[in-house]
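Visitor: pasting the structure only:
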């Protein structure tokens, strides 16, 4: 990695980084990673170079959350750590999705020499690594693993590249595909046993739809954004599409499986047959639109982070009791594709 582009600030030691993460409730145990100061307050070995001067201020960027309370808890914890350590901490909320503008802005900040000192985000490691905007944090992760064991398999896949860690595993969160039990049972379909394939879901969503009552079966967009990307990726992968071959030496995306997957999706959004199950404006939905439509009772099926389920419970929405989390459906590939988590890390 070139010296010119690898200029993310190195003012925090790995031990300081571990201690900072420890202020969050979900990572409280990591505070123990901070080793005690050597006798006399010195941390340098005899004859070694003096340690770099400790920082007096830092900038921490964190992603926008569906629940604003999560942003507040994170920011308050980081600032409390700063106060305890005589460090002036500035927190800033940034775009939530990798498909938004945060990646190019971060790359520009790195190249200009003034990136944030610390970033909490999701699904960015490969992009930032490709643009040489990250520092290896293998020593920090090694300390955490030694004390608390391995992170989830998803963190290994997402954040460990060629044997080096480029992000510190922070949290795991899970989403799912959610359905209104009563609406599917109303057409004689048990959502837990009768929606085992994507064709099952599509057909049932069409059958239960009643536009005159503003009830629409299908609640997944393909518009640009995290949810739209998730829809397209789900279908491609479940149709057996591979972007490259196994050793990543050849592009294999242009395949019969990819054509079939795109045709299946295209039918949903362009054919008269499936038009009755589509809510108005679905092709312009943002990442919060399906949450809003589901919680308003207008759609029967969607895929989302667990926030839509949590919001229904927090607000006492009757839809909470009517919501089921579906088993992972199967496409022509013929197997359930279940992820291993690992969506939330520190840079």
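Guide: Perfect, I can see it now. No experiment lies behind these values; they were computed from the predicted model shown.

Visitor: rest of the way, CA atoms for contacts and neighbours
Guide: OK.

Visitor: just the helices in this protein please.
Guide: 14-21, 68-84, 102-112, 125-130, 138-148, 153-159, 181-185, 198-208, 226-238, 256-270, 289-295, 307-314, 319-322 (DSSP state H).

Visitor: Tabulate those helices (CSV), appending mean neighbour count.
Guide: As requested, these are exported to CSV (neighbours: other CA atoms under 10 Å):
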stretch, mean neighbour count
helix 14-21, 21
helix 68-84, 15
helix 102-112, 16
helix 125-130, 16
helix 138-148, 16
helix 153-159, 18
helix 181-185, 20
helix 198-208, 19
helix 226-238, 19
helix 256-270, 15
helix 289-295, 19
helix 307-314, 17
helix 319-322, 16
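
Visitor: and residue 163, how many neighbours does it have?
Guide: 9 (other CA atoms under 10 Å).

Visitor: quick one: residue 295 from residue 133, how far?
Guide: 39 Å (CA to CA, to the nearest Å).

Visitor: just residue 229 next, same as before
Guide: 24 Å.

Visitor: which regions of the stretch 51-200 of the chain lie under the pLDDT threshold?
Guide: 51-55, 97-100 (pLDDT under 70).

Visitor: what sits against residue 294?
Guide: 219, 300, 301, 302, 308 (CA atoms under 8 Å, 6 or more residues apart in numbering).

Visitor: Identify the residues contacting the first one.
Guide: The reference is to residue 219. 278, 279, 282, 290, 293, 294, 299, 300, 301, 302, 303.

Visitor: Take the residues you listed and lay them out in TSV including distance to residue 175.
Guide: Listed next are those as TSV, based on distance: CA to CA, whole Å:
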residue	distance to residue 175
278	22
279	22
282	20
290	14
293	17
294	15
299	17
300	17
301	14
302	11
303	7
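
Visitor: In strands, which of the residues you listed fall?
Guide: Among the contacts of residue 219, the members found in strands (DSSP state E) are 299, 300, 301, 302, 303.

Visitor: export those to a markdown table and tack on neighbour count, distance to residue 164 and pLDDT?
Guide: Listed next are these as a markdown table, based on neighbours: other CA atoms under 10 Å; distance: CA to CA, whole Å; pLDDT from 0 to 100:
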| residue | neighbour count | distance to residue 164 | pLDDT |
| --- | --- | --- | --- |
| 299 | 27 | 44 | 98 |
| 300 | 25 | 43 | 98 |
| 301 | 28 | 40 | 97 |
| 302 | 22 | 36 | 96 |
| 303 | 23 | 33 | 92 |
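
Visitor: Just name the closest of those residues to residue 79, please.
Guide: Of all the ones in strands among the contacts of residue 219, residue 79 sits closest to residue 303, with 34.4 Å by CA to CA.

Visitor: Just give the closest residue to that closest one, not the sequence neighbours.
Guide: Closest residue to residue 303 apart from its sequence neighbours, by CA to CA, 6 or more residues apart in numbering: residue 177 at 4.2 Å.

Visitor: Was I right to think that neighbour contacts residue 301?
Guide: Yes: Residue 177 is within contact range of residue 301, at 7.3 Å (criterion: CA atoms under 8 Å).

Visitor: Kindly report the domain assignment for the protein.
Guide: 14-35+55-169, 175-338 (automatic domain parsing).

Visitor: and the last one, how far apart are its ends?
Guide: In this case it means domain 175-338. So domain 175-338: terminal residues 11 Å apart, CA to CA.

Visitor: What is the distance between it and the centre of its chain?
Guide: Between the centre of domain 175-338 and the centre of its chain there are 18 Å (CA atoms, centre = their mean, to the nearest Å).

Visitor: could I get the helices of the chain as CSV with distance to residue 167?
Guide: Formatted as CSV, the helices of the chain follow (distance: least, CA to CA, whole Å):
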stretch, distance to residue 167
helix 14-21, 12
helix 68-84, 18
helix 102-112, 15
helix 125-130, 7
helix 138-148, 8
helix 153-159, 6
helix 181-185, 39
helix 198-208, 34
helix 226-238, 20
helix 256-270, 32
helix 289-295, 29
helix 307-314, 24
helix 319-322, 35
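
Visitor: nearest to residue 347, of those helices?
Guide: Nearest of these (CA to CA): helix 125-130, 8.5 Å.

Visitor: Which elements pack onto the closest one?
Guide: With contacts defined as 3 or more CA pairs under 8 Å, 6 or more residues apart in numbering; DSSP states H and E, the packing partners of helix 125-130 are helix 102-112, helix 153-159.

Visitor: Let me have those helices in JSON lines, adding distance to residue 347 as columns.
Guide: Shown next, in JSON lines, are those (distance: least, CA to CA, whole Å):
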{"stretch": "helix 102-112", "distance to residue 347": "11"}
{"stretch": "helix 153-159", "distance to residue 347": "10"}
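
Visitor: for the nearest residue to residue 179 once chain neighbours are set aside, what are its contacts?
Guide: What sits nearest to residue 179 in space, not counting adjacent residues and going by CA to CA, 6+ apart, is residue 301, at 4.5 Å. Counting by CA under 8 Å, 6+ apart, residue 301 touches 177, 178, 179, 180, 205, 217, 218, 219, 220, 294.

Visitor: redo that, cut-off 7 Å
Guide: Contacts were defined as CA atoms under 7 Å, 6 or more residues apart in numbering; by that measure residue 301 touches 178, 179, 180, 217, 218, 219.
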